[in-house]
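Visitor: Pasting the sequence and the predicted coordinates here, then a few questions.
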Amino acid sequence: MPYSVDEIVKAYEILVKGIEAEANDNDERAYGGIIRAGKGKLVESIAKHMVEIAWDKLKGKPERLSFDKQTFKVPINKPYINKIKYKEVRDYILSNIDDYYYGLKTDVLVSIDGKVAMGIECKAYTENAMMKRIMVDFTFLKTVVPEICCILIQVESQLTGDYSSPSKAIIFGSHSSHTIMSYFDVDLNIITLLEGERKVDEPIHKSGHYKVLKKDVLELGINIMCDLLKKYVDPPPPSLASAGISKSQTPIKKYKIS
């Protein structure tokens, strides 16, 4: 059985409140590095548990689901070679073409029956400069896995707009984020775990700035996962009601940019 929502919330509380003490007690690593590493592992763990809970809700067989890490080889874009000024360079690249690729991984890779289904980027927070990198990476990834479902799970949002209000029925996003996404052929699903825009001088691991991970917000994110995973269930459920999700909980595909 996967972790429950209550267990994820409790683990979040223990880990976030404990990161500060661990960093202060560790003399071997830089304070900031420990904080970043701790939060990064936390988000990846939450993401995997959310997928497992969603798959279980859909009555998917657990043995069909896997999270094996994989590095994808994104090949060189061949039309680019023709644009290179010097023939010697073009000829050299063409004669060694198999060596020209970019190695790419995503934070959490979800496979069903051994076939890649989802790529999840996990961030303690996201701002728009990071959004550009995420969109580029997913664009590269889609050249290798065209049908991959692209997801961003962020603990806090610094994207502006209302991404930091995950309880809302419809998220309108922000002017800058939508503008960035409009230049990429990537359907990015954004899940935010904590309410309230991130403030640089108020980190959540510091006393007085801690934010509660609310069960209803986590469940909304899990319902989005259900909506994205339901096509992989065999046979597909006739409706979300068959997965134990009420009509009022029906996830909305909030972030599709075409």
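Guide: On my side now, so go ahead.
Visitor: In this structure K215 contacts D6, no?
Guide: Yes - contact status for K215 versus D6: in contact at 7.1 Å, counting by C-beta atoms under 8 Å. To be clear about C-beta, it is placed using only N, CA and C from the backbone, and glycine gets the same treatment.
Visitor: between these two, which one's more packed in?
Guide: The residue with more neighbours, out of K215 and D6, is K215; 13 against 10, by other C-beta atoms under 10 Å.
Visitor: pLDDT value on S174, please?
Guide: S174 carries a pLDDT score of 96 in this model.
Visitor: my guess is it meets S165, correct?
Guide: No - contact criterion C-beta under 8 Å: S174 and S165 do not qualify, at 11.4 Å.
Visitor: The two: who's more crowded?
Guide: S174 (18 against 15).
Visitor: dump the residue contacts of that one.
Guide: N128, L159, T160, G161, D162, Y163 (C-beta atoms under 8 Å, 6 or more residues apart in numbering).
Visitor: Those residues, buried ones only, as a PyMOL selection?
Guide: Buried members of the contacts of S174, defined by 16 or more other C-beta atoms under 10 Å, are picked up in PyMOL with:
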select buried, resi 159+161+162+163
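Visitor: quick one: which of the contacts of S174 is nearest I222?
Guide: Nearest to I222 among these: Y163, at 18.0 Å, using C-beta to C-beta.
Visitor: Can you tell me the SS state at the closest one?
Guide: Three-state assignment for Y163 (DSSP: H, G, I helix; E, B strand; the rest coil): coil.
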